[in-house]
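> got a predicted model here, sequence first, then my questions.
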Amino acid sequence: QVQLVESGGGLVQAGDSLRLSCTASGRTIGNTGMAWFRRAPGKSRELVASITWRDGITYYADSVKGRFTISGDNAKNTLYLQMNNLKPDDTANYYCAARVLSVDYNCWGPGTRVTVSS
């Protein structure tokens, strides 16, 4: 069992920056990749960014390219999301997820709220 806990959310103004953190604990062996998802009010869950530990390949949703950066350290079981030039449309609950012995994201954190005011 892997536990994920996010932190770093908050209320900011448009153009500000935030850094989200995610810490994994428990049986993290077999963690092949992690990601940040978000769910805005009234919208479906969206994959924001992901990283594969073996080769460091990253993915970004078009809506965040050039503004968000995913990084982390698998050995330290940590994941980050640096969010710059935040926009009101970035307002959402952000979730950390991991693929542990699975091709799908099967471990999830409780989420952290990001609110961007205009």
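Received, thanks.

> centre-most residue in this structure?
Centroid-nearest residue in the chain, with CA atoms, centre = their mean: residue 36, separated by 2.3 Å.

> helix/strand/coil for that one?
strand (DSSP: H, G, I helix; E, B strand; the rest coil).

> contact partners for it?
By CB atoms under 8 Å, 6 or more residues apart in numbering, the residues touching residue 36 are 20, 22, 47-50, 70, 79, 81, 94-97. Where you see a C-beta, it was placed from the backbone N, CA and C, and this is true even at glycine.

> again with residue 41
Residue 41 neighbours (CB under 8 Å, 6+ apart): 91-92.

> helix/strand/coil for it?
Per three-state DSSP, residue 41 ends up coil.

> which parts of the protein are strands?
2-7, 10-13, 18-26, 31-39, 46-52, 58-60, 68-73, 78-83, 92-100, 107-108, 112-117 (DSSP state E).

> would you list those in a markdown table and tack on mean pLDDT?
Listed next are those as a markdown table, based on pLDDT from 0 to 100:
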| stretch | mean pLDDT |
| --- | --- |
| strand 2-7 | 95 |
| strand 10-13 | 98 |
| strand 18-26 | 95 |
| strand 31-39 | 94 |
| strand 46-52 | 97 |
| strand 58-60 | 98 |
| strand 68-73 | 96 |
| strand 78-83 | 97 |
| strand 92-100 | 96 |
| strand 107-108 | 96 |
| strand 112-117 | 98 |
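
> and residue 29, what does it touch?
Contact partners of residue 29, counting by CB under 8 Å, 6+ apart, are absent.

> give me the pLDDT value at it.
On pLDDT, residue 29 comes in at 78.

> distance of it relative to residue 75?
12 Å (CB to CB, to the nearest Å).

> can I get the contacts of residue 36 in TSV with neighbour count and distance to residue 118?
TSV is the format used below for the contacts of residue 36 (neighbours: other CB atoms under 10 Å; distance: CB to CB, whole Å):
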residue	neighbour count	distance to residue 118
20	24	21
22	25	27
47	14	25
48	23	20
49	23	23
50	20	28
70	20	25
79	29	28
81	26	21
94	23	19
95	22	24
96	29	27
97	22	29
